[in-house]
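A.B. asks: take a look and give me a structure for this.
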Amino acid sequence: MAVINFDTLVNWSQFSQLSARPSDKDEDAQISQQVSFSNFNLERKNGKLTIKDVDVRVSLVDGECWVVSNQMSDALLKHEQGHYDILALSARALYKALVGQGAATATELQQKALRLQASFGAQATTVNDRYDTQTNHSRNTTAQQLWNTRISEAKLNPQATLDNLPT
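C.D. replies: Numbers count the residues shown, from 1 in each chain. Predicted coordinates for the structure are as follows:
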């Protein structure tokens with residue numbers, strides 16, 4: 001599997017420390033991450049260009065992760081890790097969807113890849129929103145523990161997807 005940074009552990013040094021949360025926010029920390037792809041390994045198969053392999057990378061967006069400094073805790077960092085892991089699970093599913101995709105031209109194949117990236121990204125956003133709502137940004141410790149368990153189980157199971165997370 002070529003999902004880069006799937007098992008990354010986030011730490012507070014990757015977050016800008018603020019004295020207070022921005023006025024338009026109701027959480028004490030925010031993580032910003034992205035999924036990109038590169039290094040397509042293509043082959044011609046049955047008259048089509050087909051993706052044989054690809055690197056899918058999960059990464060933090062520099063300068064867009066922040067935490068209210070007097071709210072830093074292991075529990076809050078674990079919550080932010082959950083956001084990262086949800087996107088990592090989405091990246092794994094994107095990788096699986098990309099491998100084997102075919103098209104007549106490289107342009108068509110690139111358009112397919114970008115549509116898949118957008119689709120999986122939208123699904124991850126929906127799940128991340130549900131995660132924040134159900135856990136109240138980590139404040140609901142019972143819900144947070146359920147999510148922690150389900151995310152950990154999903155990451156360990158190569159067949160698991162975002163559909164394995166709480167609904």
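
A.B. asks: does anything pack onto the longest helix seen in the chain? Which helices or strands?
C.D. replies: When secondary structure is assigned using DSSP state H, the longest helix within the chain turns out to be helix 106-135. Contact here means 3 or more Cβ pairs under 8 Å, 6 or more residues apart in numbering; DSSP states H and E; on that basis helix 106-135 packs against strand 33-45, strand 48-60, helix 74-98, strand 102-103, helix 141-156. Where you see a C-beta, it was placed from the backbone N, CA and C, and this is true even at glycine.

A.B. asks: and the second one with strand 33-45, angle?
C.D. replies: Put simply, strand 48-60 runs at 160 degrees to strand 33-45, going by axes from the mean of the first three to the mean of the last three Cα atoms, to 10 degrees.

A.B. asks: thinking again about what came up before, buried set for the longest helix of the chain?
C.D. replies: 109, 112-113, 116-117, 120-121, 123-124, 127-128, 130-132, 134-135 (16 or more other Cβ atoms under 10 Å).

A.B. asks: and what of stretch 137-155?
C.D. replies: Counting neighbours by 16+ other Cβ under 10 Å, the buried set in stretch 137-155 is 137-138, 143-144, 147-148, 151, 154-155.

A.B. asks: between those, which is closest to S59?
C.D. replies: Of all those, the one sitting nearest S59 is K155; the distance, using Cβ to Cβ, is 17.1 Å.

A.B. asks: quick check: the closest one touching L87?
C.D. replies: No: counting by Cβ atoms under 8 Å, K155 sits too far from L87 to count as a contact (11.6 Å).

A.B. asks: out of the buried residues of stretch 137-155, the closest to W66 would be?
C.D. replies: Among these, H137 lies closest to W66 (Cβ to Cβ), at 13.3 Å.

A.B. asks: which residues are in contact with that closest one?
C.D. replies: When contacts are counted by Cβ atoms under 8 Å, 6 or more residues apart in numbering, H137 touches 26-28, 79.

A.B. asks: quick one: the residue nearest the centre of the chain from V3, how far?
C.D. replies: When the chain is reduced to its mean C-alpha position, the nearest residue by Cα atoms, centre = their mean turns out to be L87, at 1.0 Å. Summarising the geometry, the distance separating L87 from V3, computed by Cβ to Cβ, to the nearest Å, is 11 Å.
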